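**Q** Give me coordinates for this.
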Amino acid sequence: MALTPPPGRDYRALLPVLAGALWLAAASPVALALGLTPGLLLFGGGLAVLWRVEPTRAYGAVAAGGLLGMLLWLPGLAITQWWRALDSGLLSAASFLLAGRAGLELALAPPMAPSPPSGWRSEAKAALDQALVAYFSGTAAIPGGQRLATLPQRLSVLVDALDDPAVAQALTAAPPAPPHSEQRPRRAVGFRFAQITFVSGFAPPPALGAPPAWLSSTANARASAWVLRQPGPGRPWLLCVHGYRMGLAWMDLRLFRPAELFERHGYNLVVPTLPLHGVRRAGRRSGDGYLDGELTDLVYAQAQALWDLRRWLAWIRVQEPGARIGVVGYSLGGYNAALLAAHEPELEFVAAGIPVADLTALLWDHLPLPQRGYLAACGVDRARYRRLLAPVSPLTLPPRLAAERLAIFAGSADRVVPPAQPLVLARHWGVEVEWFPGGHLTFIGEPAVAAALRRLRRAAGWEDEAAVTLGAGAAETSRS
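**A** Below you'll find the predicted structure:
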């Protein structure tokens, strides 16, 4: 898309204001209850744009309201006049596409990133991403009050401790293989598989002081993974790292496609659950406390994630000495896959898909202005927070794998992980980003993504082997 200067006042926002007003002008209490959330998001987001209140975030609210409006107009037919429900749905769809277009216009992507194709498809993909960001940021536990007042001191203590190289190295030390593990049969998305668990064993260096309480919670203290294993030895192992707020079997397995990777290609799949996610969650939702908890706690979450993932690699090598292992991760999983590339030289390849590369920039940009202003007044800025996360950043150490064994793919219309994120990782790795014309939630099935993964598997020799045809016994254990 051509670079477009923003208008003095974006009167296009009158469209979501009208859509929201129509939802809120319901003729019955039941209809009002149905339309209250999309109505408030559309009306409030549109007004915020008109009053120039952070238009990027305001259009995120419009995208979320438009998406809800499109989903709810059909149930609205049963409880209100058909024309009102139809008009509400059409205006919601138009507002949704407008939010996507405005989001792409406001993005100001780096010149090294390709422009997404013009048209409603790119706008819809961008709007879907913006709705997800609005959900993440709108429901995040933003620090305030006394929690915010004590943050600068806590951060200073941790930064000073981690400036000691011995402490930083201890935080990212390699774990031993787990001495014991437990296995339980599970079933999801048409597959039978095993849930393997063992004690995480992660303990941060004592020099960092008292760790967060969730670190020792019963659920989070046990590492867990979904494992699909071929009946015979000698097959490659693929470590698959999920994204933020995932960690549930039905979500993870849909993302990593066992029908293709396990059945068609015959790979063993290990899909670990990141700390604070899925069965390891410490809050109401999967992922609570990982990115939206105390800002200082992220260093613990990432250090435990690195420890646990390396322990899963050690577990695989105990199961099969000399195992050939590749890693693929998406979004937050892409960050952790890239982190493994800086610590594990014996991996056969690493694919970082739609990856976060600089968590500092991503989190700092999503902090509300009052919080950022207060922290700046206390001497805490982006650079100081980056020092805290440096030991667990994939940008700190060079990759331990050759460039031909690394791949990064990203979407030109991605509004969750902006193009600047994969670009900075690509510069650090010395590789090119493999772009696809889509967004964060619409990368599955993109030809560029399939080509990048196929290239890595061929470089490792995996694609040269004949695909496995599962015997009756194996098929019985994998398919339900």
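
**Q** where does the protein dip in pLDDT?
**A** Residue ranges of the chain with pLDDT under 70: 1-4, 27, 464-480.

**Q** Pull the distance from the helix ranked longest in it to the chain's centre.
**A** Across the chain, the longest stretch assigned as helix under DSSP state H is helix 82-107. Offset of helix 82-107 from its chain centre (Cα atoms, centre = their mean, to the nearest Å): 25 Å.

**Q** Kindly report the same for stretch 206-222.
**A** Counting by Cα atoms, centre = their mean, stretch 206-222 is centred 23 Å from the centre of its parent chain.

**Q** so I408 sits in a helix?
**A** No - judged by DSSP: H, G, I helix; E, B strand; the rest coil, I408 forms no part of a helix; its state is strand.

**Q** tell me the contacts of the spatially closest residue to L32 that is not a sequence neighbour?
**A** Take L32 and drop its neighbours on the chain: the residue closest to it by Cβ to Cβ, 6 or more residues apart in numbering is A26, 3.8 Å away. Just so you know, the C-beta spots here come from the backbone N, C-alpha and C atoms, and that holds for glycine as well. With contact set as Cβ atoms under 8 Å, 6 or more residues apart in numbering, A26 has these partners: 32, 34-35, 80.

**Q** Same check on L238?
**A** Per Cβ under 8 Å, 6+ apart, neighbours of L238: 256, 261, 267-270, 325-328.

**Q** closest to H428 among the residues you listed?
**A** The closest of these to H428 turns out to be V327 (Cβ to Cβ; 16.8 Å).

**Q** That closest one touches L239, doesn't it?
**A** Yes - between V327 and L239 there is a contact under Cβ atoms under 8 Å: 4.7 Å.

**Q** Now do the shared contacts for those two.
**A** Residues touching both V327 and L239 (Cβ under 8 Å, 6+ apart) are L340.

**Q** follow-up on the earlier one: if you count neighbours, what's buried in the longest helix of the chain?
**A** Going by neighbour count (16 or more other Cβ atoms under 10 Å), the buried part of helix 82-107 is 84-85, 87-89, 91-105, 107.

**Q** Over to stretch 45-54?
**A** By neighbour count on 16+ other Cβ under 10 Å, the buried set for stretch 45-54 is 45-50.

**Q** and if you look at stretch 390-410?
**A** For stretch 390-410, burial by neighbour count (16+ other Cβ under 10 Å) applies to 390-395, 399, 401, 405-410.

**Q** farthest pair in these?
**A** Taking Cβ to Cβ as the measure, the buried residues of stretch 390-410 span a maximum distance of 26.7 Å, between P391 and F409.

**Q** what's the neighbour count on R454?
**A** 13 (other Cβ atoms under 10 Å).

**Q** could you measure it against A351, distance?
**A** The gap separating R454 from A351 is 11 Å, by Cβ to Cβ, to the nearest Å.

**Q** Leaving out chain neighbours, which residue sits closest to T80?
**A** In this structure, T80 finds its nearest non-sequential neighbour in A31, 4.5 Å apart by Cβ to Cβ, 6+ apart.

**Q** dump the residue contacts of that neighbour.
**A** A31 makes contact with 76, 79-80, according to Cβ under 8 Å, 6+ apart.

**Q** if we go to 10 Å?
**A** By Cβ atoms under 10 Å, 6 or more residues apart in numbering, the contact list for A31 reads 23, 25, 75-76, 78-81, 84-85, 88.

**Q** In a helix, it, correct?
**A** Yes - looking at A31 with three-state DSSP, it is inside a helix.

**Q** Tell me how far it lies from A85.
**A** Computed as Cβ to Cβ, the A31 to A85 distance reads 9 Å.

**Q** go on, S28?
**A** As judged by Cβ to Cβ, S28 and A85 stand 12 Å apart.

**Q** Show me the strands in the stretch 201-350 of the chain, by range?
**A** Shown for the stretch 201-350 of the chain, the strands assigned by DSSP state E, counting those that start in this stretch span residues 222-228, 237-241, 268-272, 325-330, 349-353.

**Q** Please identify the deepest-packed of the ones you listed.
**A** Stretch with highest mean neighbour count among those: strand 349-353 (a mean of 29; mean count of other Cβ atoms under 10 Å).
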